[in-house]
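Visitor: Fold the following.
(2 chains)
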Amino acid sequence: MLRSKPLPAASLHVVLALLDGELHGYALMRRVEDLSGGAVRMGPGTLYGTLNRLVEGGLIEETTDRSPRTDNERRRYYDLTPNGRAVALDELRRLQTLVHRTAGHLPGAAPA
Amino acid sequence: MSSHPRTLGAYRLAVRLYPKRFRDEYGPDLVGLVTDQLREEPTWRVLGRTTVDLALTVPTRHLEAHMSRSATTLVPVIFGAVALSAVVVGVTVGHPSVLLACLAVAVIAVSLALVATHRARPLTEPRPTTRNWWKLLGGGAFVLAVLIATTTATGELPDGAWFVAMVTGLTALVLIGAGIVLGIAHLASRANRSTAA
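Guide: Below you'll find the predicted structure:
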């Protein structure tokens, strides 16, 4: 089931970061930072609070035990659920439309 | 082995500021993430970011936990107590119009209690609120007993004193009602736990 309301900023960054596949907490934090060009730096409490809400909302799930890990330390991995992937792609399309329409109205922009 | 034992020790202590359920679920992950950060970034930067993060997220997590608790127990209990008190007042006064009004209040309160219970998430662990049912019941009974003793001893009360006595009596009834509702909820949750065990 898709959401009609846009996701909050932190949740949006997390689901977009997970579009490439599962990640653990630190890798996810770095991925969000990388995707946003360094503009968004999530702290530990923000990241895990967001993950908690997304897990409860059924958009992501823990995948730690799904495949064997080579990490020496125990890390928890997260990935999008099918519903979460649909929501992430929907959000991506919404942002693309927003950018496209906004750019079309800027002074000096070529008509779309 | 980490090369920042003091920083991590301080952060481990700070994690205790989060609500119990959140830190039980994510405490080791929070510390693990800061450990990863300290390996790759300057300590001052990690400390600064983590301090700001704690200041922003600790109150937020507590607010979320509080709102979750309110949704599960407090709201239905309050409406249940109001309904019970309305019935007691209506029956005690005995006048048909008062009884009708009190029954209407009770029906509305019970409906709101049911809606609040339906909207609440299922309980996964015993709520500490229900353990205090006897304090409310005892407190309400005590206030009511004092009120009855006082009004009986003083005889006829002036108008202003009657108003105070009325408000005190209603408060005592609401406390007793809340105690009874919480007591039933407490006994029910204990029965559920023993069945599950």
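Visitor: Bridged to the nearest residue to A:Thr81 once chain neighbours are set aside, which residues?
Guide: Leaving out its chain neighbours, the residue that sits closest to A:Thr81 by C-beta to C-beta, 6 or more residues apart in numbering or on different chains is A:Glu61, at 5.3 Å. For the C-beta atoms, the positions are set from N, CA and C on the backbone; glycine is no exception. With DSSP bridges as the criterion, the beta-bridge partners of A:Glu61 are A:Asp79.
Visitor: where's A:Gly108 relative to chain B, distance?
Guide: Distance from A:Gly108 to chain B, counting by C-beta to the nearest C-beta, to the nearest Å: 39 Å.
Visitor: How many residues are close by that residue?
Guide: Using other C-beta atoms under 10 Å in any protein chain shown as the criterion, A:Gly108 is surrounded by 4 other residues.
Visitor: that older thread, can you give me every residue that contacts the residue nearest to A:Thr81?
Guide: A:55, A:78-79, A:81, A:84 (C-beta atoms under 8 Å, 6 or more residues apart in numbering or on different chains).
Visitor: Would you write a ChimeraX line that selects the buried entries of those?
Guide: The buried residues among those can be selected in ChimeraX (16 or more other C-beta atoms under 10 Å in any protein chain shown) with this line:
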select /A:55,78,84
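Visitor: Go through the contacts of A:Glu61 and name the one nearest B:Tyr18.
Guide: Nearest to B:Tyr18 among those is A:Val55, at 16.5 Å by C-beta to C-beta.
Visitor: State the distance from the closest one to B:Ala14.
Guide: Taken as C-beta to C-beta, to the nearest Å, the spacing of A:Val55 relative to B:Ala14 amounts to 23 Å.
Visitor: Skip the chain neighbours and tell me the closest residue to the closest residue to chain B within chain A.
Guide: Distance from chain B to each residue of chain A (C-beta to the nearest C-beta) is smallest for A:Gly43, at 2.4 Å. Counting by C-beta to C-beta, 6+ apart, A:Gly43 lies nearest to B:Asp53, which is 2.4 Å off, once chain neighbours are set aside.
Visitor: neighbours of the one you found, just the number please.
Guide: Applying other C-beta under 10 Å, we find 21 residues neighbouring B:Asp53.
Visitor: For it, list the residues it contacts.
Guide: Contacts were defined as C-beta under 8 Å, 6+ apart; by that measure B:Asp53 touches A:42-46.
Visitor: out of the residues you listed, which one sits closest to A:Lys5?
Guide: Taking C-beta to C-beta as the measure, A:Lys5 lies nearest A:Thr46 of the contacts of B:Asp53, at 20.2 Å.
Visitor: thinking again about what came up before, of all the contacts of A:Glu61, which two lie farthest apart?
Guide: Checked with C-beta to C-beta, those reach their widest spread between A:Val55 and A:Asp79, with 11.0 Å between them.
Visitor: which helix is the longest one in chain A?
Guide: Longest helix in chain A, counting residues (DSSP state H): helix A:82-105.
Visitor: buried ones in that one?
Guide: Of the residues in helix A:82-105, those buried (16+ other C-beta under 10 Å) are A:84-85, A:87-88, A:90-91.
Visitor: Backbone dihedrals for A:Tyr77, please?
Guide: Dihedral angles of A:Tyr77 (phi, psi; degrees, to the nearest 10) stand at phi -100, psi 150.
Visitor: Find the residue at the geometric middle of the chain.
Guide: Just going to use chain A. A:Val15 (2.0 Å; C-alpha atoms, centre = their mean).
Visitor: that's the other chain; I wanted chain B
Guide: Central residue of chain B (C-alpha atoms, centre = their mean): B:Leu74, 4.7 Å from the mean position.
Visitor: And the pLDDT at residue 110?
Guide: Picked chain A for this. In this model, A:Ala110 is scored at 61, pLDDT.
Visitor: look at chain B instead
Guide: The confidence metric pLDDT takes the value 81 at B:Val110.
Visitor: again, but for B:His66
Guide: What the model reports as pLDDT for B:His66 is 75.
Visitor: just checking, what packs against the longest helix of chain A?
Guide: Other elements packing on helix A:82-105 under the criterion 3 or more C-beta pairs under 8 Å, 6 or more residues apart in numbering or on different chains; DSSP states H and E are helix A:9-17.
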